[in-house]
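Undergrad: sequence isn't available, so here's the structure alone:
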Ligand code: ZN
């Protein structure tokens, strides 16, 4: 059958608006998340009201490759009180005030003693930094440098009402089955407290993507992971090595809500189909978009692209982590992200996935010299969308290149003709009996042989 899988907005594939994604971020923003604990569970429960994810609990102490699932951390309250009993640092005003994974503490101390546990950003004096101490037992508070300057010598009462004990690492997963067992992975981290771009933006775009795909006929099977960064990806890979072998393409979504142009970071393979598809879409959409080479630093692509897995997983971002002043500070808040950027990121994800879904290989059924297009009524086929010269050229390229080894993206790159136009031309040639789409089993064979 000649058809184009269309994942971008159609009647069957409704698109979540940027405004709705902002409302989801607003709902998730106040929750104090970490790599384990009730903040993650509460986040996943909210996500379950939007899409039907399954949650998994992996016990503390579980060995996962070179790592161990840590003790579970939970926090109820934290403050620093001055000599008058006034809370001058209050966890309930911002959960960034407490170093994430702080062990419990309750004591009185001098400013000199307390100062060793206070973290500020002197170069950005109004921002509260975001700090963690996952793998070293410690405690601390984060505050704006301006607030620190108000502290005087004297005695302070310090309390962190947290707990660190045997529990679980929690993550969420959703599988949308397609025609093929081969999978596309969409992964985002859910371990940051009140930060909007890093990474609630990735979470809500992943949710919106899952909603869009849930209504579409799918060639690939899609797996969505909502996991704590680093340890969550390592845990998932350790528990799912056999599933990981089915992942043929993937995207990590991180920092996709700010105003910067899009950035795609290639997988370790650098020339995987996802790398070429994302690069193709970004080049065609926005001259300001950037494609970066792989590096073993960043988000969970580090784990998916470790040499023992070497999965074809790239990363879509806007501003790159660590390269903007709001990164990992209280300034990464709701005003740092905007609905237009979230909607654009969602649309680009859908365009990349649409390309993957339609990137078939074909066999020319009349390969000895050109077939006569005119007698088959193949001129003026595309109903005014293309002029006949362009549609003829698209058909000639496809017929010439379709020896079973080239995919449509190969032909698009070589010919300079837009992928969607080539797909229309391929549909027309297929309908006229001149072209046979190699089914996915044939394609797999061709890849092995080639
Ligand atoms: Zn981060």
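TA: Thanks, I have the structure now. All figures in this text were calculated on a predicted structure; none of them were measured in a lab. Numbers count the residues shown, from 1 in each chain.
Undergrad: ok, residue 145 touching residue 118?
TA: No: the pair residue 145 and residue 118 fails to qualify as a contact (C-beta atoms under 8 Å) at a distance of 9.9 Å. Every residue, glycine included, has its C-beta placed from N, CA and C.
Undergrad: how about the nearest residue to the residue positioned nearest the centre of the chain, chain neighbours excluded?
TA: When C-alpha atoms, centre = their mean is applied to the chain, the residue found nearest the centroid is residue 253 (1.5 Å). Once flanking residues are discounted, residue 253 sits nearest to residue 202: 3.8 Å by C-beta to C-beta, 6 or more residues apart in numbering.
Undergrad: am I right that that neighbour is in a helix?
TA: Yes: membership of residue 202 in a helix is supported by DSSP: H, G, I helix; E, B strand; the rest coil.
Undergrad: what's the spacing between it and residue 115?
TA: 35 Å (C-beta to C-beta, to the nearest Å).
Undergrad: of the two, who's got more company?
TA: Taking neighbours as other C-beta atoms under 10 Å, residue 202 and residue 115 compare with residue 202 leading, 30 against 12.
Undergrad: excluding chain neighbours, give the residue nearest to residue 303 in space.
TA: Nearest non-adjacent residue to residue 303 (C-beta to C-beta, 6+ apart): residue 233, at 4.0 Å.
Undergrad: mind checking the SS state of the one you found?
TA: Residue 233 ends up helix, using three-state DSSP.
Undergrad: isn't it right up against residue 305?
TA: No: using C-beta under 8 Å, residue 233 makes no contact with residue 305, being 10.5 Å away.
Undergrad: low-confidence ranges in the chain?
TA: Scanning the chain for pLDDT under 70 picks out the ranges 1-2, 10-13, 380-388, 442-450.
Undergrad: please repeat the previous calculation with a cut-off of 50.
TA: 1, 450 (pLDDT under 50).
Undergrad: quick check: domain ranges of it?
TA: Listed by automatic domain parsing, the domain ranges of the chain are 18-69+168-358, 73-165, 361-449.
Undergrad: do a quick rundown of the helices in the stretch 1-150 of the chain.
TA: 18-28, 38-48, 111-115, 145-148 (DSSP state H, counting those that start in this stretch).
Undergrad: so which of the ones you listed is nearest residue 91?
TA: Nearest of the helices of the stretch 1-150 of the chain to residue 91, taken as C-beta to C-beta: helix 38-48 at 12.4 Å.
Undergrad: how big is the angle separating the closest one from helix 18-28?
TA: If you take axes from the mean of the first three to the mean of the last three C-alpha atoms, to 10 degrees, helix 38-48 sits at 150 degrees to helix 18-28.
Undergrad: count the neighbours of residue 68 for me.
TA: 14.
Undergrad: residue contacts, the nearest residue to it once chain neighbours are set aside?
TA: Nearest residue to residue 68, sequence neighbours excluded (C-beta to C-beta, 6+ apart): residue 61, at 6.2 Å. Contacts for residue 61 (C-beta atoms under 8 Å, 6 or more residues apart in numbering) come out as 68-69, 166.
Undergrad: before we move on, what about residue 210?
TA: Residues in contact with residue 210 (C-beta under 8 Å, 6+ apart) are 51, 174, 176, 186, 222, 224.
Undergrad: one more pass at 6 Å, please.
TA: Residues in contact with residue 210 (C-beta atoms under 6 Å, 6 or more residues apart in numbering) are 51, 174, 224.
Undergrad: in CSV: these, plus distance to residue 422.
TA: Shown next, in CSV, are these (distance: C-beta to C-beta, whole Å):
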residue, distance to residue 422
51, 33
174, 32
224, 30
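Undergrad: any of those residues buried? List them.
TA: Neighbour-count burial (16 or more other C-beta atoms under 10 Å) applied to the contacts of residue 210 gives 51, 174, 224.
Undergrad: for the first one, phi and psi?
TA: Reported as degrees, to the nearest 10, the phi and psi values for residue 51 are phi -140, psi 150.
Undergrad: so how far is residue 274 from it?
TA: Applying C-beta to C-beta to residue 51 and residue 274 gives a distance of 22 Å.
Undergrad: thinking again about what came up before, between the contacts of residue 210, which is nearest residue 127?
TA: residue 224 (31.8 Å).
Undergrad: confirm that that closest one sits in a strand.
TA: Yes: under three-state DSSP, residue 224 sits within a strand.
Undergrad: pretty sure it sits against residue 186.
TA: Yes: with contacts counted by C-beta atoms under 6 Å, residue 224 reaches residue 186, the gap being 4.9 Å.
Undergrad: who touches both of the two?
TA: Counting by C-beta under 6 Å, 6+ apart, the residues touching both residue 224 and residue 186 are residue 206.
Undergrad: what helix or strand does the residue nearest to residue 8 when sequence neighbours are not counted sit in?
TA: Leaving aside its chain neighbours, residue 8 sits nearest to residue 350 (4.9 Å; criterion: C-beta to C-beta, 6+ apart). If you go by DSSP states H and E, residue 350 is part of helix 339-358.
Undergrad: what's in contact with that helix?
TA: Contacts of helix 339-358 (C-beta under 6 Å, 6+ apart): 4-5, 7-8, 18-19, 21-22, 205, 208-209, 219, 249, 256-257, 277-278, 281, 419, 423.
Undergrad: going through the residues you listed, which ones are buried?
TA: 5, 7-8, 18, 21-22, 205, 208-209, 219, 249, 256-257, 277-278, 281, 419, 423.
Undergrad: show me where the stretch 301-450 of the chain has helices.
TA: Under DSSP H, counting those that start in this stretch, the stretch 301-450 of the chain gives helices at 301-304, 339-358, 388-401, 408-415, 419-431, 440-449.
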